[in-house]
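K.L.:
can you look at this prediction? I've put the sequence above it.
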Amino acid sequence: MRVLLINPPGWVGDRIPLGYDLVPSVPLGLGYLASTMESEGITAKIVDMDWGGFSKEELVDMISKFDPDIIGITSFTSNYANAVDIAKAAKSHNPNIKIVFGGVHATFIHRDVLHMIPEADIVVRYEGERAICEICDALDRGRKLENVKGISFRHDNRVFSTPLRHRIEDLDSIPFPAFHLLEPSIEHYIGKGKEKGFPIITTRGCPFNCIFCSTAALHGRKYRTRSANNVLDEMEFVRDKYKINVISFADDNFTMKRNRVIELCRGIKERNLDFEWGCSARVDLLSKDLLEVMNSSGCKNIFFGIESASQRVLDTVKKGFSIEKAKEMVKLTEKMGIKTHCSFILGLPNETVESIDEMIRFVEETMPSGRVLPNVLEILPGTELWDKESEYFGNTPSIPAADIIRVQLELFYKFFEISAKGRELLTIEPPDIEIIGGSTAFAEQERQEPS
């Protein structure tokens, strides 16, 4: 049995949009699927189309050469249209290939996928490591898919869904991701500079109630962790195998369990793992002494999902912390020499033009030295906001697109103003922007060259 796993591009259309980040990001989810299949004797290959290295024609040529029995396609809501296009191209090339959809988007709209996309044969719901192996076994042996838990499939123009399987409790039982199966190669993600980075996931699940996030719905509210030794073993492996010296812990809530973080930091030092590393954390799950422990073991970057600078909005979306706590923790983290990266979501329920302007003041006050990310709200399947959109937005007037764009640009400029190493950058005036029919255009103005 041969399985080709595909990560679709994150943009729509043939042209990469202006501002799209082409920094390659390792598709860890597919890596875990592939390593689990390999442990069961299944031949797998991973193709990552997100970094812009493969056209559809090249993909079809690869399909022809690899000759897979199954093509597995993962997707987020943002790249679902591309996932559908890939399925159509693959099925047109070989109608006998079984197309399996997975990932967060397909999980929560599995019936729509199978009803509306004739090329889709099976949808894996929630975690896929065990399910994909059982699908391969069933198809290889001619057994019924009804016996595979956690999937939906089409048969005789009807959609059937099997009972959900239990989530994997022992995360240590999952092999390390199959980095060696990545196309074009693992070196593409590592880079050729002095800093060679790699992501590692150490936990699954989230106990918090943010109404816009699908993490808890996908992985459950129980916080499941890999053991510290298992994580440290992977750090040693990527250091020795690929000469990695920068690690990004890609967990949603890396600091959820304080004692586990301390155990990991202690192990990093005891094993002489000379990494620079970063993580994501909630502002209410950090303290000065924990930051000191993290910093001493190599933590140099922390990503905070602030989301809004308005307490009213934070309370509405059930974020669970105060804006004052967020300001305090960003300032403290910066004071300790750790770069902070702050993410915001524009357009949340109860948002106003005035509340999004507060994001600019938040950045001015806290001065994060990492990145400032002003994202526009995308309502995701599986979230409370998806289920109750009319309830949350019923009395909230929409924010004009012009104000959304204005705040995004002001946040970017404010961040660059804070982060500028020299004064040269600050002599460059941002272009004037005029809003035309809801879209933006740069107004041409004559400017005198800065002296």
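P.N.:
Received, thanks.
K.L.:
now Val261: how far from Ala281?
P.N.:
Taking Cβ to Cβ, to the nearest Å as the measure, Val261 and Ala281 are separated by 9 Å. Any C-beta I mention is one placed from the backbone N, CA and C, and that applies to glycine too.
K.L.:
sorry, slip of the keys, the one I care about is Arg266.
P.N.:
18 Å.
K.L.:
comparing those two, which shows the higher neighbour count?
P.N.:
Shown here are Arg266 and Ala281; by other Cβ atoms under 10 Å, Ala281 has more neighbours (27 against 15).
K.L.:
could you pull out the helices for the stretch 51-200 of the chain?
P.N.:
Secondary structure of the stretch 51-200 of the chain (DSSP state H, counting those that start in this stretch): helices located at 56-66, 80-93, 104-108, 110-116, 129-141, 186-190.
K.L.:
so where's the protein uncertain?
P.N.:
11-24, 52-54, 183-184, 418-451 (pLDDT under 70).
K.L.:
can you list the domain ranges for it.
P.N.:
When the chain is parsed with automatic domain parsing, its domains come out as 2-161, 191-426.
K.L.:
select, out of the ones you listed, the one closest to Phe179.
P.N.:
domain 2-161 (6.3 Å; Cβ to Cβ).
K.L.:
start to end distance for that closest one?
P.N.:
This stretch, domain 2-161, spans 24 Å end to end (Cα to Cα, to the nearest Å).
K.L.:
same question, stretch 267-283
P.N.:
So stretch 267-283: terminal residues 24 Å apart, Cα to Cα.
K.L.:
list the buried ones in it?
P.N.:
Neighbour-count burial for stretch 267-283, counted by 16 or more other Cβ atoms under 10 Å, picks out Gly267, Ile268, Leu273, Phe275, Trp277, Gly278, Cys279, Ser280, Ala281, Arg282, Val283.
K.L.:
can I take it that the second one is in a helix?
P.N.:
Yes - the assignment for Ile268 is a helix, going by DSSP: H, G, I helix; E, B strand; the rest coil.
K.L.:
once you drop chain neighbours, what's closest to Thr352?
P.N.:
Ile399 (7.2 Å; Cβ to Cβ, 6 or more residues apart in numbering).
K.L.:
against Ile356, how distant is that neighbour?
P.N.:
7 Å.
K.L.:
these two: who's more crowded?
P.N.:
Ile356 (27 against 19).
K.L.:
what are the buried residues along the helix or strand harbouring that one?
P.N.:
Counting by DSSP states H and E, the element that carries Ile356 is helix 353-366. By 16+ other Cβ under 10 Å, the buried positions in helix 353-366 come out as Ser355, Ile356, Asp357, Glu358, Met359, Ile360, Phe362, Val363, Thr366.
K.L.:
how many other residues sit next to Pro374?
P.N.:
22.
K.L.:
and what about it, helix, strand or coil?
P.N.:
strand.
K.L.:
give me every residue that touches it.
P.N.:
Pro374 makes contact with Phe344, Leu346, Met359, Val407, Gln408, Leu411, Phe412, according to Cβ atoms under 8 Å, 6 or more residues apart in numbering.
K.L.:
now the last one: which helix or strand?
P.N.:
Just to be clear, that refers to Phe412. Assigned by DSSP H and E, Phe412 falls in helix 401-419.
K.L.:
for that helix, buried residues please.
P.N.:
402-408, 410-415.
K.L.:
hang on, the earlier thing: redo the contacts of Pro374 as TSV? Include distance to Ile73.
P.N.:
Shown next, in TSV, are the contacts of Pro374 (distance: Cβ to Cβ, whole Å):
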residue	distance to Ile73
Phe344	31
Leu346	30
Met359	35
Val407	35
Gln408	31
Leu411	34
Phe412	33
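K.L.:
quick check: the two most widely separated of those residues?
P.N.:
Leu346 and Phe412 (12.5 Å).
K.L.:
how many neighbouring residues does the nearest residue to Val159 once chain neighbours are set aside have?
P.N.:
Leaving aside its sequence neighbours, Val159 sits nearest to Leu114 (Cβ to Cβ, 6+ apart; 4.7 Å). A count of nearby residues for Leu114, using other Cβ under 10 Å, gives 22.
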